[in-house]
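S.K.: Quick one, what's the 3D model for this:
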Amino acid sequence: MYTARRFRFVRTVQWTWTILPLMGLWSLGLTAAHNLLHLEWLRLLGLPVGLLGTAVSFYLGFKGNAAYERLWEARKIWGGIVNTSRTWGVYVTTLVTDLHVGDRAADPPLPQLHRELLYRHMAWLGALRTQLRRRKAWEHDAEWNDRFRKVIGTYDQSPERLRRRIEPFLPPGEADQLLTQKNQATQLLRRQGERIATLFEYGRIDDFRHMELVKLLEEMYTLQGRCERIKNFPLPRQYATANHWFVMVFLLLLPAGLLGTLHGYALPEHFAWGVVPASMILGWVFYTWDMVLDYSENPFEGLINDIPMDALSRTIEIDLREMLGETDLPAPVGPVADGHAVM
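M.R.: Numbering: from 1, shown residues only. Predicted coordinates:
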């Protein structure tokens, strides 16, 4: 997630500069052929090209709404994960007690039990964000995207990286078992459910408390499933592809439409050379907007427009460890890259 008030203009141009020389060369060639070779058939009526531009703008607006909805839904889901995690911490530390144990020996001790349940939840956060950042076929895979992922630390989502994230939070041997399974986040919640069932069996929670804790696990499954739905089902490719090609067609016709418009005003011939900078500016605007939407539709691909899952997970970790009474807490996740990207 980019946290500065605005993207710097230079960075924006660096991101989208390739369209400028292409539009410049294309419009320069058309204008030169029109002015110097007198190929008047290269002119197009400005009205049809303007109507096409209007249609493309509406289509970009539709794609913008769809992309923003996916991004904002992902943020709301992770807001729900933060709230549910805090509730889980409060419930575990206040509802799991030795009150109903009776004369039986309570093993493990209560502080160790609380730590196990909350630490396994931290492992679930690590497993979930690792799975969500594993790249899909429709996500951006250009070399410069991967270079940026390496800079901000989201490139490596391998099983080895997953092990390093979850092993410190799990009992010995549990990470090895999890890594043999397909969906580690799902299995971690299942293990939480099994542990709660054991606690109920040994009287460390009663019926009501057992039901409340199970409801929280159900909510976590729901939130995880909503993340997976966004991750595993892209913005339909027919919409994304058609939008891109419509923009390209409009950019191809734009210089010819501008030539036709200027010709209609009966301006001196040298005014037609103004088509070149006008085409470059208008082409850059449409191309940049298409790029913005293209990079906004996948909120879990490890790039700068992502949901800041590392920062949110660290916030949860700090809260849960404080609930356990720990004082040696990790630092919040700070900005990376140019000082404005929080992952």
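
S.K.: Okay, buried residues for the lowest-mean-pLDDT helix or strand in the chain please.
M.R.: Using mean pLDDT, DSSP states H and E, the weakest-scoring helix or strand in the chain turns out to be helix 9-16, at a mean of 81. By 16 or more other Cβ atoms under 10 Å, the buried positions in helix 9-16 come out as residue 16. The C-beta positions use only the backbone N, C-alpha and C, and glycine is treated the same way.

S.K.: Also stretch 123-136?
M.R.: Residues 123, 124, 125, 126, 127, 128, 129, 130, 131, 132, 133, 135 are the ones in stretch 123-136 that count as buried (16+ other Cβ under 10 Å).

S.K.: Filter those residues down to the ones in helices?
M.R.: 123, 124, 125, 126, 127, 128, 129, 130, 131, 132 (DSSP state H).

S.K.: ok, then the element right after the least confident helix or strand of the chain?
M.R.: helix 19-35 (DSSP states H and E).

S.K.: Is residue 215 in a helix, a strand, or coil?
M.R.: At residue 215 the chain is in helix, as set by DSSP: H, G, I helix; E, B strand; the rest coil.

S.K.: tally of neighbours for it?
M.R.: If you count neighbours by other Cβ atoms under 10 Å, residue 215 ends up with 12.

S.K.: which ones are touching residue 201?
M.R.: For residue 201, no contacting residues are found, by Cβ atoms under 8 Å, 6 or more residues apart in numbering.

S.K.: what's the answer for the one 4 residues further on, then?
M.R.: Contacts here follow Cβ under 8 Å, 6+ apart; on that basis residue 205 touches 95, 96, 97, 100, 196, 199, 213.

S.K.: That one belongs to a helix?
M.R.: No: counting by three-state DSSP, residue 205 is not found in a helix; it is coil.

S.K.: how close does it get to residue 219?
M.R.: To residue 219, residue 205 is 18 Å away according to Cβ to Cβ, to the nearest Å.

S.K.: ok, now residue 304?
M.R.: With Cβ to Cβ as the criterion, residue 304 and residue 219 are 30 Å apart.

S.K.: thinking again about what came up before, outside of the least confident helix or strand of the chain, which residues touch it?
M.R.: 20, 284, 287, 288, 291, 338.

S.K.: from the middle of its chain, how far away would that helix be?
M.R.: 20 Å (Cα atoms, centre = their mean, to the nearest Å).

S.K.: how about that helix as CSV, C-alpha atoms only?
M.R.: Coordinates of each C-alpha in helix 9-16 appear next as CSV, following Å, rounded to 0.1, in the frame of the first residue of the first chain:
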residue,chain,number,x,y,z
PHE,A,9,4.8,12.8,-11.0
VAL,A,10,8.3,11.5,-12.0
ARG,A,11,7.5,8.1,-10.7
THR,A,12,4.2,8.0,-12.5
VAL,A,13,5.9,8.9,-15.8
GLN,A,14,8.6,6.3,-15.1
TRP,A,15,5.8,3.7,-14.7
THR,A,16,4.0,4.7,-18.0
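
S.K.: Let the chain start at 25 from now.
M.R.: Fine by me, first position is 25 from now on; the one you just mentioned is helix 33-40.

S.K.: What is the burial count for the closest residue to residue 199 other than its chain neighbours?
M.R.: The spatially closest residue to residue 199, leaving aside those adjacent along the chain, is residue 191, at 4.3 Å (Cβ to Cβ, 6 or more residues apart in numbering). Counted by other Cβ under 10 Å, the residues lying close to residue 191 total 16.
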